[in-house]
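Asks: With the sequence up front, the predicted model follows.
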Amino acid sequence: MESSTSTADAAVLDNPPRDPGGKYLTFRLGREQYGVQILKVRELIGMTDITRVPQVQPYVRGVINLRGKVIPVIDLRAKLRLPRADDNEQTCIVVVDVGVMMGLIVDTVEEVCDIPSSDVEAPPEVVIGADTGFILGMGKVGNAVKTLLDIDHILMTQDLVAP
């Protein structure tokens, strides 16, 4: 008996489309607003001393001791190739779980938003060839648009060590 499922159909079944709707922790990097799925967030902490580590990518600020566990800390501005900014009293670390615990330095945390799938659009293709694989979608919240990040894609651990 022959299967009626094509190879393309099988790929869709193996990798179902992501539903971008849900709860997001939103934060700012500069004037722009971003969000990460709240289920990935473990906690928020204020800036603390960060120990530098040699031979890592420039966006890896270093490591911190979080209750006896050493976790890497990523400068999200640098990772997303945004202009550098000095840390201030609103700068904080968002601890996320992407299979391993990691910290993300953000300018300021805003709120937790529930964004339904109907209010999430695909990122616009403004630049041909631009890598938008790290974006889950553009969430419309009131009059604002928040870039919803695929934090698993952004924080692939094999990318953290300098070549």
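Replies: Yep, it's here. Nothing here was measured: the structure is a model prediction, and the numbers come from that model.
Asks: Nearest spatial neighbour of residue 119, chain-adjacent residues omitted?
Replies: residue 140 (4.5 Å; Cβ to Cβ, 6 or more residues apart in numbering). All C-beta spots, glycine's among them, are computed from the backbone N, C-alpha and C.
Asks: Tell me where the model's unsure across this protein.
Replies: 1-18, 126-132, 157-163 (pLDDT under 70).
Asks: is it true that the residue nearest to residue 119 touches residue 118?
Replies: No: if you go by Cβ atoms under 8 Å, residue 140 and residue 118 don't touch, sitting 9.1 Å apart.
Asks: ranges for the strands of the chain?
Replies: Ranges of strands in the chain, per DSSP state E, are 22-29, 32-37, 41-46, 60-66, 69-75, 92-97, 101-106, 108-115, 120-121, 135-141, 144-149.
Asks: okay, these in CSV with mean neighbour count next?
Replies: As requested, those are exported to CSV (neighbours: other Cβ atoms under 10 Å):
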stretch, mean neighbour count
strand 22-29, 20
strand 32-37, 21
strand 41-46, 14
strand 60-66, 18
strand 69-75, 18
strand 92-97, 20
strand 101-106, 23
strand 108-115, 15
strand 120-121, 16
strand 135-141, 20
strand 144-149, 19
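Asks: Relative to residue 85, which of these is closest?
Replies: For residue 85, the closest of the strands of the chain is strand 22-29, at 8.2 Å, according to Cβ to Cβ.
Asks: Output the contacting helices and strands for that closest one.
Replies: Judged by 3 or more Cβ pairs under 8 Å, 6 or more residues apart in numbering; DSSP states H and E, strand 22-29 is in contact with strand 32-37, strand 101-106, strand 108-115, strand 144-149.
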